[in-house]
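>>> A predicted structure for the sequence below; I have some questions about it.
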Amino acid sequence: MKNYKKLSEDMRNLFINHAAQNPGFHLSSSLGLVETSIALLNVINNENVKILFDIGHQRYPFLVVEHYMRTGELKIPDKEIQHDIFLHPTFAGLSTALAAGAAVSTNNKVFALIGDGAFTSGEIYEGLNLLGELDANIAIVHNQNNMSIRENVGVFKDSDILKSFVNCFGFNFLEVSDGHNIKNLINAFRIALESKKKVFINIKTIKGKGYFPSENNPLEFHQPFMGFNVQSGEFYKPEGMILQFFECYVLFEKFLYNLLEKDNNVYLVFPSTPPFQSLIKQYPERVIDTGITEQLYL
């Protein structure tokens with residue numbers, strides 16, 4: 001895999017064309033992690049190195065790279081990568097606890113890739129608290145794209161605050177300021193792989209990288225439920241159940257707007273998936289995104 005630039009471009013074209021024809025594919029996240037997947041799978045060299053994906057949809061670029069390394073074919077395969085601990089996990093926030101168990105109970109080196117807002121989840125901090133007392137062979141890779149489904153929330157968007165926080169749990173903190181520079185990513189991952197101590201790598205990426213419509217609107221292209229024109233990025237008209245969903249969506253949004261308009265004591269709270277962007281803009285103090293924090297939300 002010498003020609004990283006071409007592989008990156010080919011992977012992005014694969015994801016864009018796949019998403020355009022297969023509504024429901026997580027596009028923006030996949031585009032943002034192309035270089036990370038190439039770099040990490042270049043560094044991992046044995047089956048005793050395992051990866052946890054938190055959130056699980058971040059695995060798609062890794063599936064493609066692993067399949068390409070084995071076969072020379074560039075496609076989205078059905079088979080999971082050999083380093084992936086779990087099959088099709090869709091969890092968010094469980095990675096540090098799972099990584100602690102996997103690292104302590106086996107001889108595996110564990111990489112936990114945390115991104116797309118999962119670091120807002122309280123269970124992440126519970127796992128870090130446990131890891132602080134363990135001599136665990138673990139590396140956490142934090143995909144800091146400042147996004148969940150929409151813009152991320154909380155103080156850990158600030159790298160200095162994040163560094164101070166993770167240092168409290170005994171992690172050596174590394175940062176890759178350009179998370180699309182494969183050479184720098186490889187260097188950081190090698191340090192983590194060879195380290196006998198816990199390592200936290202903060203990589204700064206752009207969600208939707210390499211496709212202007214997705215970079216410009218990563219929310220709409222996070223998981224597009226309609227096909228779209230690849231050249232223009234324009235979505236096709238919805239049909240069937242998707243059309244019914246959007247019709248209900250408009251009615252529900254209007255209902256919520258009327259509630260907020262009539263009563264200043266009405267608040268809307270969402271756990272990281274607030275769909276009504278216009279309401280958030282109109283009532284930023286009363287439409288609250290808590291992050292991936294279902295317990296806090298309730």
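Yes, it's here.
>>> correct me, but residue 65 touches residue 38?
Yes. Counting by Cβ atoms under 8 Å, residue 65 does reach residue 38; the two are 5.6 Å apart. For the C-beta atoms, the positions are set from N, CA and C on the backbone; glycine is no exception.
>>> Quickly list what's touching both of those two.
Residues touching both residue 65 and residue 38 by Cβ atoms under 8 Å, 6 or more residues apart in numbering: 7, 11.
>>> what stretches of this structure score poorly on pLDDT?
1-2, 79-91, 148-150, 152, 273-275, 297-298 (pLDDT under 70).
>>> Break it down into its domains, please.
Following automatic domain parsing, the chain resolves into domains at 4-216, 240-297.
>>> Tell me where the chain has strands.
Ranges of strands within the chain are 49-54, 109-115, 138-144, 172-176, 199-204, 268-270, 287-289, based on DSSP state E.
>>> gap between residue 247 and residue 237?
Distance of residue 247 to residue 237, computed by Cβ to Cβ, to the nearest Å: 12 Å.
>>> which residues in the protein form helices?
Counting by DSSP state H, the chain has helices at residues 4-21, 27-32, 34-43, 60-71, 95-105, 122-131, 159-167, 182-194, 212-216, 240-262, 277-282, 294-297.
>>> Double-check residue 166 against residue 129; I have them as touching.
No. Residue 166 is not in contact with residue 129 according to Cβ under 8 Å; the separation is 11.5 Å.
>>> How many neighbouring residues does residue 61 have?
Here the number of neighbours of residue 61 (other Cβ atoms under 10 Å) works out to 26.
>>> In contact with it, which residues are there?
If a contact means Cβ under 8 Å, 6+ apart, then residue 61 has 11, 15, 30, 33, 34, 36, 37, 38 as its contacts.
>>> list the contacts for the second one?
So that's residue 15. Contacts for residue 15 (Cβ under 8 Å, 6+ apart) come out as 25, 27, 30, 31, 60, 61, 76.
>>> With distance to residue 44 added, can I get those residues in JSON lines?
Below are the contacts of residue 15 laid out as JSON lines (distance: Cβ to Cβ, whole Å):
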{"residue": "25", "distance to residue 44": "25"}
{"residue": "27", "distance to residue 44": "25"}
{"residue": "30", "distance to residue 44": "19"}
{"residue": "31", "distance to residue 44": "22"}
{"residue": "60", "distance to residue 44": "17"}
{"residue": "61", "distance to residue 44": "14"}
{"residue": "76", "distance to residue 44": "20"}
